[in-house]
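A.B. asks: Just need the structure, nothing else, for what follows:
(4 chains)
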Number of protein chains: 2
Amino acid sequence: MIKPLPTRERLIDIAGDIFGREGFKAATVRKIAEEANANIAAVNYHFRDKEGLYRAVLEDIFSKAFQRFPSVPPPEAAADPEKRLHFFIRAMFYRFLSREGWGGLSGQGKLIAREFLNPTPAFDNIVETYIRPQKNILSAIVSDVSGGKLDPDRIISCAVSIIGQCIYYTFAAPIIEKIAENLAPVEENLDFLSDHVFRFSLGGIQRIVNTLHENNGFARQEAQP
Amino acid sequence: MIKPLPTRERLIDIAGDIFGREGFKAATVRKIAEEANANIAAVNYHFRDKEGLYRAVLEDIFSKAFQRFPSVPPPEAAADPEKRLHFFIRAMFYRFLSREGWGGLSGQGKLIAREFLNPTPAFDNIVETYIRPQKNILSAIVSDVSGGKLDPDRIISCAVSIIGQCIYYTFAAPIIEKIAENLAPVEENLDFLSDHVFRFSLGGIQRIVNTLHENNGFARQEAQP
DNA sequence: ATATGAATAAAACATTTGTTTGAAACAGTC
DNA sequence: GACTGTTTCAAACAAATGTTTTATTCATAT
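C.D. replies: Residues are numbered from 1 along each chain as shown, chains lettered A, B, ... in the order given. I've put the predicted structure just below:
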């Protein structure tokens, strides 16, 4: 027998989905309340106002997903750098796209993408609590994978390249589905995708290391109309 | 002496910025009209309704940027595959982030990002007219760079990895600025960024080619809680 | 100069939407 | 069983917003 969630929790779940799909402004409390089988006034009662609900959703989304899919393997599995990189990438894909992550109630992944685009004040906390630590973890991994040969700027560049690939799949899923059906970032493809991004990134990092001596002015040789 | 733009054009310019910054729903025709020094009714007069204005903005944004920054070098510069890849990546960065591209009136880049997240019906045209050809151009380049060794699925995967990196910089600019100040995707960094993504991607493609024999089940060896 | 059609302007209209209110239902405690 | 604090509910409110209407101005060709 499944115990029904209390109103407050139902609101947070549904709101995560609707806010994600439609954006903060376009999502209406009426629709959220209706789909959660709650009264319109419930939002104001439990969360003071629409923005309060949004804040609660944001916190809920991040805390759950990072608990379910941490970025670092358990300490006893003291993995070598490449394995750690692979683990990190796969965790990211599952967090973003799996049913148990933000893909299941599939508005939530989009909600985060929206925050990246236009961070609301409510996101400041999240950046410090969740995102910055991720940056540090990944930077350490990249540094190790490169054998300590990269300077901080290049480490970050590589980290952004890696995260960019992962997030792009979430973010652009609707378009990717349109023009490359086979690769749609759905549950069954997550292992394939993680594996691809892992290999691609490994090659990328190594190439950056190997071409460290080349100056960065290469670009300027070519004509750009 | 600079001739002032007619109302219709002013509306499109301003609307591109405001739609991008705030999203379709949150952007109000009142604000758009006011900032364009036009009457509220001008939107309905020139574009029938708010959505008509949006459609006009979308078409305007894409046609201008692909004209200004094409993805393919002029034919007389029959470049080798790697140069073409570099050219493609740099065009993409400049299109998205330069002042002359969508970064100048800086809401426009965001507007496109929003369309990726939640394509509106108006975007169908754009996908077919602009995006799908881009996919084909890049696929051909990747295929050539790999020496023709990659199957279609892997070619697309690599193409998505490349585009993902470029778009992520646009898309996540606000966050990147927060946690990695040096790399902010601003005008002065575009060459550095293009160069980085170019090298990283070249290494990525080559690694995918070199590890073609490895099965894709690697991921499944590791534990995921 | 005048007639004609396009463009602009101000005001009004009809909805939508976040929030508030006050009463009713409910749960637990003395 | 009465009391108290919490939660739910329906109705009403006030602000905002896309659109329409009607009148006026502007440009141009006859």
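A.B. asks: Quick check: residue A:8 touching residue A:52?
C.D. replies: No - counting by CB atoms under 8 Å, residue A:8 sits too far from residue A:52 to count as a contact (11.4 Å). Heads up, the C-betas are built off the backbone N, CA and C, glycines and all.
A.B. asks: Go ahead and list the helix or strand containing the closest residue to residue A:70 other than its chain neighbours.
C.D. replies: With sequence-adjacent residues excluded and distances taken as CB to CB, 6 or more residues apart in numbering or on different chains, residue A:70 is closest to residue A:91, at 6.5 Å. Applying DSSP states H and E as the criterion places residue A:91 in helix A:81-97.
A.B. asks: Which elements pack onto that helix?
C.D. replies: helix A:50-68, helix A:107-117, helix A:132-145, helix A:152-171, helix A:190-210 (3 or more CB pairs under 8 Å, 6 or more residues apart in numbering or on different chains; DSSP states H and E).
A.B. asks: switch to 7 Å and redo it
C.D. replies: Helices and strands touching helix A:81-97, by 3 or more CB pairs under 7 Å, 6 or more residues apart in numbering or on different chains; DSSP states H and E, are helix A:132-145, helix A:152-171, helix A:190-210.
A.B. asks: State the phi and psi torsions of the residue in chain A positioned nearest to DNA strand C.
C.D. replies: Nearest to DNA strand C in chain A, going by CB to the nearest atom of the strand, is residue A:49, at a distance of 3.1 Å. Backbone torsions of residue A:49, given as degrees, to the nearest 10, read phi -150, psi -180.
A.B. asks: List the buried residues in the helix or strand hosting residue A:18.
C.D. replies: Element membership for residue A:18 (DSSP H and E) is helix A:7-22. For helix A:7-22, the neighbour count (16 or more other CB atoms under 10 Å in any protein chain shown) marks A:7-8, A:10-22 as buried.
A.B. asks: which one of these is nearest DNA strand D?
C.D. replies: Proximity of the buried residues of helix A:7-22 to DNA strand D (CB to the nearest atom of the strand) peaks at residue A:7, which lies at 3.4 Å.
A.B. asks: Wait, the closest one touches residue A:42, no?
C.D. replies: Yes - if you go by CB atoms under 7 Å, residue A:7 and residue A:42 touch, sitting 5.6 Å apart.
A.B. asks: coming back round to it: which strands or helices does the helix holding residue A:18 pack on?
C.D. replies: Short answer (3+ CB pairs under 7 Å, 6+ apart): helix A:7-22 packs on helix A:29-35, helix A:41-47, helix A:50-68, helix A:107-117.
A.B. asks: what's the distance between the residue nearest the centre of chain A and residue A:165?
C.D. replies: In chain A, the residue lying closest to the centroid (CA atoms, centre = their mean) is residue A:96, at 5.1 Å. In this view, residue A:96 and residue A:165 are 12 Å apart by CB to CB, to the nearest Å.
A.B. asks: if I look at the two, which residues touch both of them?
C.D. replies: Shared contacts of residue A:96 and residue A:165 (CB atoms under 7 Å, 6 or more residues apart in numbering or on different chains): none.
A.B. asks: Just give the nearest non-adjacent residue to residue A:104, would you?
C.D. replies: Nearest residue to residue A:104 in three dimensions, chain neighbours excluded: residue A:98, at 7.0 Å (CB to CB, 6+ apart).
A.B. asks: contacting residues around that neighbour?
C.D. replies: So residue A:98 contacts A:104, A:187, A:190 (CB under 7 Å, 6+ apart).
A.B. asks: Enumerate the residues of chain A near DNA strand C.
C.D. replies: Those residues of chain A that sit near DNA strand C, judged by CB under 7 Å from any atom of the strand, are A:27, A:28, A:29, A:30, A:40, A:41, A:43, A:44, A:49, A:50, A:51.
A.B. asks: what about burial for those residues, which qualify?
C.D. replies: Among the residues of chain A next to DNA strand C, the ones that count as buried by 16+ other CB under 10 Å are A:27, A:29, A:43, A:50.
A.B. asks: Between the helices and strands packed on helix A:7-22, which one is closest to DNA strand D.
C.D. replies: helix A:41-47 (3.6 Å).
A.B. asks: For residue A:27, pull up the helix or strand it's in.
C.D. replies: If you go by DSSP H and E, residue A:27 is not part of any helix or strand.
A.B. asks: What does it show for phi and psi?
C.D. replies: Per degrees, to the nearest 10, the backbone of residue A:27 is at phi -70, psi 130.
A.B. asks: Now do it, the pLDDT please.
C.D. replies: pLDDT for residue A:27: 97.
A.B. asks: Tell me how far it lies from chain B.
C.D. replies: Distance of residue A:27 to chain B, computed by CB to the nearest CB, to the nearest Å: 9 Å.
A.B. asks: follow-up on the earlier one: help me confirm that the residue nearest to the centre of chain A comes into contact with residue A:104.
C.D. replies: No - when contacts are counted by CB under 7 Å, residue A:96 is not listed as touching residue A:104 (10.9 Å).
A.B. asks: Nice, that's everything, thank you.
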